[in-house]
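Sharing a model that was predicted from the sequence below.
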Amino acid sequence: MLEGIVYRSTGSWYLVKTDDGFLNCRIKGKIRLQGIKSTNPVAVGDRVAVDKDPKDSSQGVISDILERKNYIIRRSVNLSKQTHIIAANIDQVFLLVTLNNPVTTFAFIDRFLVSAEAYGIPVILLFNKMDSYNEGERQALEEMQAVYGKIGYETRFISALAQQGVEDLKKAMGGKVSMFSGHSGVGKSTLANAIAPDLDLKTATISSSHSQGQHTTTFAEMFDLDANIRIIDTPGIRGFGVVDMSPTELADYFLEFLQLQEGCKFHNCLHVEEPKCAIKQAVAEGQIAESRYDSYLKLLEEDTPYRK
């Protein structure tokens, strides 16, 4: 039996890197993850136990998934009761944000951040395509950055196409498994190519009629940039459904709420209609951004058939 790391998942086949090289693997029987109704039991980044095929040394069978350090999941697009594991065993996520072509909303960023906080994954916000904005657009993006910088999130202004900020970013990736995420067309594959031109990943073109990116990365995939840098390139995400979160714990994943909610009159305050709520007062006084509070309310209001 060998141990390896899943580098690519294409539904029924998994590319696993072992000490003996890469193996194309299938899953043995039905591997079920305790407590997770997932459409993909094995994800990119998973450490797995593999048995080589005695008839074909290039193939194998995944017999077990080793314990995960963390993972990031979202609701499956078509099956609301099931979840999709985007990747596992991640050291940090770079969420790429663009003002337009495509638009990245506060709501999308907040949903992503809440999920990452819930699974203990650090997120760095990359405000991309800085070379393409006019003065007004740059100001709007700087205002967006200020919201998250004030909370304590690491943020960077970059241009993957113009190579702005790329070298510093590469240094921040040293010795880590980093995941790139964001909408289609936001520049994930362009950034990966800027960091390591030899990758030559397909890049997205923007649909002029919808200002949305065309999906070019169909499945998540891990790449070795050098001996100590690994990246996971992921398919573009249009929506991001948060899972496995009770109403009472949701506020814990809004970091600026966590610091203030001890001042609420009621210990189980949901920060909606309760009197003497420290969070509502902070929003009124400008301590908490209205966009963040709006995201919180929308998440709180969502129906909960998938929460078990």
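Cool, the structure landed.

can you pull the pLDDT of the spatially closest residue to G236 that is not a sequence neighbour?
Among residues not flanking G236 along the chain, S184 sits closest, at 2.6 Å (C-beta to C-beta, 6 or more residues apart in numbering). Bear in mind the C-beta positions are built from the backbone N, C-alpha and C, glycine included. pLDDT for S184: 87.

burial count for S184?
Residues near S184, counting by other C-beta atoms under 10 Å, number 21.

can you tell me how far it sits from T104?
Here S184 is placed at a distance of 11 Å from T104 (C-beta to C-beta, to the nearest Å).

Okay, and the beta partners of the residue nearest the centre of the chain?
The residue lying closest to the centre of the chain (C-alpha atoms, centre = their mean) is S181, at 5.1 Å. On the basis of DSSP bridges, S181 is bridged to L95.

on that earlier part again, before we move on, what SS does the residue nearest to G236 have?
Under DSSP: H, G, I helix; E, B strand; the rest coil, S184 falls in the coil class.

Describe which strands the longest strand seen in the chain pairs with in its sheet and in which direction.
Assignment by DSSP state E gives strand 56-65 as the longest strand of the chain. Paired neighbours of strand 56-65 in the sheet (DSSP bridges): strand 21-27 (parallel), strand 47-53 (antiparallel).

Next, the buried residues of that strand.
G60, I62, I65 (16 or more other C-beta atoms under 10 Å).

do stretch 259-269 as well
Buried-residue list, stretch 259-269, by 16+ other C-beta under 10 Å: L260, Q261, C264, C269.

repeat for stretch 144-152
M144, Q145, V147, Y148, I151.

Distance of the first one relative to L125?
I take that to be M144. According to C-beta to C-beta, M144 and L125 sit 9 Å apart.

if I look at those two, which residues touch both of them?
V97 (C-beta atoms under 8 Å, 6 or more residues apart in numbering).

Could you list the alpha-carbon positions for the host helix or strand of N193 in PDB?
For N193, the host element (DSSP states H and E) is helix 188-195. C-alpha atoms of helix 188-195 as PDB (Å, rounded to 0.1, in the frame of the first residue of the first chain):
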ATOM      1  CA  LYS A 188      -7.100  32.600 -11.400                       C
ATOM      2  CA  SER A 189      -5.400  30.800 -14.300                       C
ATOM      3  CA  THR A 190      -3.800  34.000 -15.500                       C
ATOM      4  CA  LEU A 191      -2.300  34.500 -12.100                       C
ATOM      5  CA  ALA A 192      -1.100  30.900 -11.900                       C
ATOM      6  CA  ASN A 193       0.600  31.400 -15.300                       C
ATOM      7  CA  ALA A 194       2.200  34.700 -14.100                       C
ATOM      8  CA  ILE A 195       3.700  32.900 -11.100                       C
END
